[in-house]
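Chemist: Quick check, what structure comes out for this input:
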Amino acid sequence: MKKDLTEIKSQWIDEAIEWIVSMKHNIRGQIWSTDAVHCWAMKDAPSPNHYGALIARMKKLGLIEEAGYKRSTRPSANGRRILMWRLK
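Modeler: As a prediction, this is how the structure comes out:
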């Protein structure tokens, strides 16, 4: 049976959260952005908007907190300001 896009997105987000939380001992206290999530060694999101959905879910679950802003280094982001995050 073919998975629909919502199911694929939800599965990717669940796997990404599990992977990020498993890295907790490596990134605890560090400040990071979605730029970092794009670079980390997990499989690419099926769609670029999945990264925002991932952050929204982690924030809703109370896993992360805002930690300031920086300019994005990804060329596709054109230097826009992005939020920085910290695992709780």
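Chemist: Quick one: residues contacting the nearest residue to residue 73 once chain neighbours are set aside.
Modeler: In space, residue 73 comes closest to residue 35 once its chain neighbours are excluded; the distance is 5.6 Å by C-beta to C-beta, 6 or more residues apart in numbering. Placement of C-beta: from N, CA and C, glycine included. Contacts of residue 35 were listed using C-beta atoms under 8 Å, 6 or more residues apart in numbering, and they are 72-74, 77, 82.
Chemist: at 7 Å instead, please
Modeler: Going by C-beta atoms under 7 Å, 6 or more residues apart in numbering, residue 35 touches 72-74, 82.
Chemist: Let me know the helix or strand that it is in.
Modeler: Taking DSSP states H and E as the criterion, residue 35 maps to helix 34-39.
Chemist: Just give me how far that helix sits from the chain centre.
Modeler: The chain centroid and the centroid of helix 34-39 are separated by 7 Å under C-alpha atoms, centre = their mean, to the nearest Å.
Chemist: Can you give the distance from the helix or strand following that helix to the centre of its chain?
Modeler: Going down the chain from helix 34-39, the next helix or strand is helix 49-60, by DSSP H and E. Centroid separation for helix 49-60 versus its chain: 6 Å, with C-alpha atoms, centre = their mean.
Chemist: pLDDT of helix 49-60, averaged?
Modeler: Helix 49-60 shows a mean pLDDT of 92 in the predicted model.
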